[in-house]
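Asks: Make a model of this:
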Amino acid sequence: MNKNREYFSSRSPLGGIIPLAFLVIFFIALYFIAKGVFTILSWLAIPFLIIALVMDYRVVVDYVKYVFDLMSRKPLHGIGLGVFTVLGYPFVSAFLAFRAVLSKKVKDFTGESNEKKEDYTEYEEVDDNEDFLELEPLEEPEVIKESKQSTDDYEELFD
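Replies: Here you go, the predicted structure:
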């Protein structure tokens, strides 16, 4: 039997320790990567927020309104989002900058501007003197006429 396979065998006492060690090493590496990303984003948080305000300030205003609205509708979710906004400000500022740039690109692509264009709707004036909505009275179908002729006391309540 191959000696390398003995270490990974379920019969070996090291069979469960080696995969566990790889798992620990993986999570340690993941921690340092996340820490590095958070550090870089925290350095860039203020510039990201300034970019978001310059590109489209409505994105930041809408986010703040959303947080306060969520606090009034669902207090637990709103407080949780507020805490995440404070603690995760690098991610929130990067998100807001991304949304501002994206909304600017969409506005440029569609040709929309902040100014409202005044489009007039064409309409036709109708004279009030004309009674064009008068309708002739409808005749009842034969089936209804026959049912009204019944002499049932219950049916007379509805006549």
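
Asks: Give the other helices and strands that the helix or strand containing residue 50 contacts.
Replies: Assigned by DSSP states H and E, residue 50 belongs to helix 17-55. Where contact means 3 or more CB pairs under 8 Å, 6 or more residues apart in numbering; DSSP states H and E, helix 17-55 is packed against helix 57-73, helix 89-110. For glycine as for every other residue, the C-beta is placed from the backbone atoms N, C-alpha and C.

Asks: So which bits of the helix or strand that the shortest one is followed by are buried?
Replies: When you say that, I think you mean helix 57-73. Toward the C-terminus, helix 57-73 is succeeded by helix 75-87 as the next helix or strand (DSSP H and E). Across helix 75-87, burial judged by 16 or more other CB atoms under 10 Å covers 78, 81.

Asks: and the angle for helix 75-87 with helix 89-110?
Replies: Helix 75-87 runs at 100 degrees relative to helix 89-110, counting by axes from the mean of the first three to the mean of the last three CA atoms, to 10 degrees.

Asks: where does helix 75-87 sit relative to the chain's centre, distance-wise?
Replies: With CA atoms, centre = their mean, to the nearest Å as the basis, helix 75-87 stands 17 Å off its chain's centre.

Asks: That one - what's its average pLDDT?
Replies: Averaged across helix 75-87, the pLDDT comes to 93.

Asks: what does that helix contact?
Replies: For helix 75-87, contacts defined as CB atoms under 8 Å, 6 or more residues apart in numbering pick out 67, 68, 69, 70, 71, 72, 92.
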